[in-house]
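J.: structure, please.
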Amino acid sequence: MASRGPFELTEREWTVGNVLAVCISEERGTQKKPVDVIQCVPGVGIPDDAHRGEWHRQVSLLANESADLMRAKGLEIGPGDFAENVLTEGIALVNLPVGTRLQVGSAVILKVTQIGKECHHGCAIYQAAGECVMPTQGIFCTVIAEGSIRVGDSIEIAAPV
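T.: Next comes the predicted model:
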């Protein structure tokens, strides 16, 4: 069987995925480093991350399928290199409308607040490739329900509350 490229999954496959990495950074504007677990707290986001606080971009997510588009350009990139907190696989994050709720692991509920962001043309990925997927394919969320996120956790669209 031939392997499938990015975004060649069926509609059902795009609704449930898993967490490949969780990452944090101490300063904004820097790449994030993988960690074993992140804690998510309503009104705060991730307490150990530079983007914590009472605002609409508490947690950032990026699909590995999006990162694969940059790898196809010859870039050697890993988890956190796009400054994402959560790297996923198998769920079409970029297709989710603002307001979508995501169940991550057994407890965490995230609410999508923004798709993409203004690009920092000075970021390392942009400098290396002349473009970056985070501004168009990354998503941002607030924390609705508290808990921890680990590698291997499931991520899926949550039933409406």
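J.: nearest residue to the middle of this protein?
T.: The centroid of the chain falls nearest to residue 61 when counting by C-alpha atoms, centre = their mean (1.1 Å).
J.: check the secondary structure at that residue for me.
T.: strand (DSSP: H, G, I helix; E, B strand; the rest coil).
J.: give me the distance from the helix or strand harbouring residue 114 to the chain's centre.
T.: Using DSSP states H and E, residue 114 sits within strand 108-115. Strand 108-115 sits 10 Å away from the centroid of its parent chain (C-alpha atoms, centre = their mean, to the nearest Å).
J.: who does that strand pair up with?
T.: Strand pairing for strand 108-115, determined by DSSP bridges: strand 101-104 (antiparallel), strand 139-145 (antiparallel).
J.: scan the protein for its longest helix.
T.: If you go by DSSP state H, the chain has its longest helix at helix 64-71.
J.: in it, which residues are buried?
T.: Neighbour-count burial for helix 64-71, counted by 16 or more other C-beta atoms under 10 Å, picks out 64, 65, 66, 67, 69, 70. Every residue, glycine included, has its C-beta placed from N, CA and C.
J.: what's the answer for stretch 104-117, then?
T.: Residues 104, 105, 108, 109, 110, 111, 112, 113, 115 are the ones in stretch 104-117 that count as buried (16+ other C-beta under 10 Å).
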